[in-house]
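Engineer: Sequence below, structure please.
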Amino acid sequence: MHIVIIEDDVIFASKISKKLDKNMYTTKVYNDAKTFYQTNGKFDTDLYIVDIKLSDDTWFNVIKHIRNVNKEYTPIIIMSWFNDTENKVYWLDISADDYISKPVPPAELLARIRSLIRRHNKIEATNEIKDKDIVYNLTTKKVLLKWEDIRLPKK
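Structural biologist: Numbers count the residues shown, from 1 in each chain. I've put the predicted structure just below:
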């Protein structure tokens, strides 16, 4: 599961990335929109986490870029220190799949990520869980390491 984090607070982004990495997600952090744009969408991403207050561009432009570049729909979580209902409703109505207030409790962030992935059927659609060179097929119950079949004990 690949997650892109676009957050200009370097320390906060690092904390989120480390927590997600510990929970078997692969993360890529961009601390500004310009660096993110330079990737030109050349990444395989299952979910985006975007900060509302970026220093060099608006969150809306970042999300517009994501929606224009990606060929398939990818869920987006917006994060912000703003906690008023009016803003949350606006952001959810125009672009985001979910909203989370900062500071984000790690357990809540992980639950929201799992929920979005479930709703968008990413795992069920491919029927595989992938992490780097390892692939687990949910149907055949086989594990592949660099495309080689790995025999595992039943336990």
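
Engineer: use CA for all of it now, contacts and neighbours both
Structural biologist: Will do.

Engineer: How about Asp98: what's its closest non-neighbour residue?
Structural biologist: Ile77 (4.7 Å; C-alpha to C-alpha, 6 or more residues apart in numbering).

Engineer: secondary structure class for that neighbour?
Structural biologist: strand (DSSP: H, G, I helix; E, B strand; the rest coil).

Engineer: before we move on, what about Phe60?
Structural biologist: helix.

Engineer: Wasn't Val104 part of a strand?
Structural biologist: No: read with three-state DSSP, Val104 is coil and lies in no strand.

Engineer: From Arg114, how far out is it?
Structural biologist: Separation of Val104 from Arg114 (C-alpha to C-alpha, to the nearest Å): 15 Å.

Engineer: Counting neighbours, go ahead and name the busier of these two.
Structural biologist: Neighbours per residue, other C-alpha atoms under 10 Å: of Val104 and Arg114, the larger number sits with Val104, 15 against 12.

Engineer: Per-residue confidence, that one, what does it come out as?
Structural biologist: According to the prediction, Val104 has pLDDT 86.

Engineer: I'd like to know which helix or strand in this structure has the lowest mean pLDDT.
Structural biologist: helix 122-126 (a mean of 48; mean pLDDT, DSSP states H and E).

Engineer: Check which element follows that helix along the chain.
Structural biologist: strand 128-131 (DSSP states H and E).

Engineer: Please name the strands paired to that next one in the sheet, noting orientation.
Structural biologist: strand 134-137 (antiparallel) (DSSP bridges).

Engineer: Contacts made by the partner strand with the rest, please.
Structural biologist: 127-130, 142-147 (C-alpha atoms under 8 Å, 6 or more residues apart in numbering).

Engineer: Same check on stretch 69-88?
Structural biologist: The contact list for stretch 69-88 (C-alpha under 8 Å, 6+ apart) reads 40-41, 45-53, 67, 91, 96-103, 116-117, 120.

Engineer: neighbouring contacts of stretch 27-40?
Structural biologist: 2-10, 13-14, 17, 20-21, 54-57, 62, 65, 69.

Engineer: For it, output the C-alpha coordinates as CSV.
Structural biologist: In CSV, the C-alpha atoms belonging to stretch 27-40 read as follows (Å, rounded to 0.1, in the frame of the first residue of the first chain):
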residue,chain,number,x,y,z
THR,A,27,5.1,6.4,2.2
LYS,A,28,6.6,9.2,0.1
VAL,A,29,6.6,12.6,1.7
TYR,A,30,6.6,15.9,-0.2
ASN,A,31,7.2,19.1,1.9
ASP,A,32,6.0,21.4,-0.8
ALA,A,33,3.7,21.3,-3.9
LYS,A,34,6.4,22.2,-6.3
THR,A,35,8.4,19.1,-5.5
PHE,A,36,5.3,17.0,-5.7
TYR,A,37,4.4,18.5,-9.2
GLN,A,38,7.9,17.6,-10.4
THR,A,39,7.1,13.9,-10.1
ASN,A,40,4.5,14.5,-12.8
